[in-house]
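Undergrad: what's the 3D shape of this:
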Amino acid sequence: MPWTSPPTLYKARNVPTKQPVCAICVDRTRGRTQRVQLTHRVIVWLCEDHAGRDFQTRRSGRDFVTTLAAVWKANDCLTAARGKALAAHLDRLRGSAPQRPRPGSYAWPDLRRSVEAGYAAGATPGETAPAVHARYAGCPARPPSTRTIQRWHAQRRWLAQPP
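TA: The predicted structure is shown next:
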């Protein structure tokens, strides 16, 4: 078996020599690279494909973050600032997506607090559930189910809250 040397950038073919190589492609960089500014004063040079919106937002940014984190870990240069920049990238993408409506009891936080105040005063789920359903019968949003109201009672969160 003939010996082949591992790839290097020294005399690499078709790799741009007058600009930095892509941090992800390295010896396979093709075309121009561009400087990409992340948060926390982190700068990285990437090729057009890796600097593009499609790659940076693929799978909610996880491809971009995982790939750069792996490259930086392999080179022992994943600093705190770089880690924070990657986390901020994910947070920004999560925030840009429209937030879905919160399910079940989480959609009624004020109602839950008032029901739990009633429980703290001695009310029972058998009294509370019909009153809640009667009060919100004409509301376009569905009130919490009887089972949810019973669960609120069983969780007894009002005991952990200071008076």
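Undergrad: Show me the shaky parts of the protein.
TA: Counting by pLDDT under 70, the chain shows low-confidence ranges at 1, 8-11, 96-106, 159-163.
Undergrad: Quick one: the helices in it, in order.
TA: 48-51, 53-57, 62-74, 80-96, 109-120, 125-135, 146-155 (DSSP state H).
Undergrad: Pull out the buried residues from the fourth one.
TA: Taking 16 or more other C-beta atoms under 10 Å as the basis for neighbour counts, the residues of helix 80-96 that come out buried are 82-83, 85-86, 89, 93. Any C-beta I mention is one placed from the backbone N, CA and C, and that applies to glycine too.
Undergrad: swap in the fifth one?
TA: Under the neighbour-count criterion of 16+ other C-beta under 10 Å, helix 109-120 has 111-112, 115-116, 118-119 buried.
Undergrad: export those to CSV and tack on distance to Phe64?
TA: Compiled in CSV, these are given as follows (distance: C-beta to C-beta, whole Å):
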residue, distance to Phe64
Leu111, 40
Arg112, 38
Val115, 44
Glu116, 43
Gly118, 49
Tyr119, 47
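Undergrad: Of those residues, which is the nearest to His40?
TA: Arg112 (37.7 Å; C-beta to C-beta).
Undergrad: Roughly how far does that closest one sit from Pro2?
TA: According to C-beta to C-beta, to the nearest Å, Arg112 and Pro2 sit 72 Å apart.
Undergrad: Domain ranges for this protein, per the record?
TA: Domain assignment of the chain by automatic domain parsing yields the ranges 26-96, 104-159.
Undergrad: Just send these back as JSON lines, with distance to Arg13 too.
TA: JSON lines is the format used below for these (distance: least, C-beta to C-beta, whole Å):
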{"stretch": "domain 26-96", "distance to Arg13": "10"}
{"stretch": "domain 104-159", "distance to Arg13": "57"}
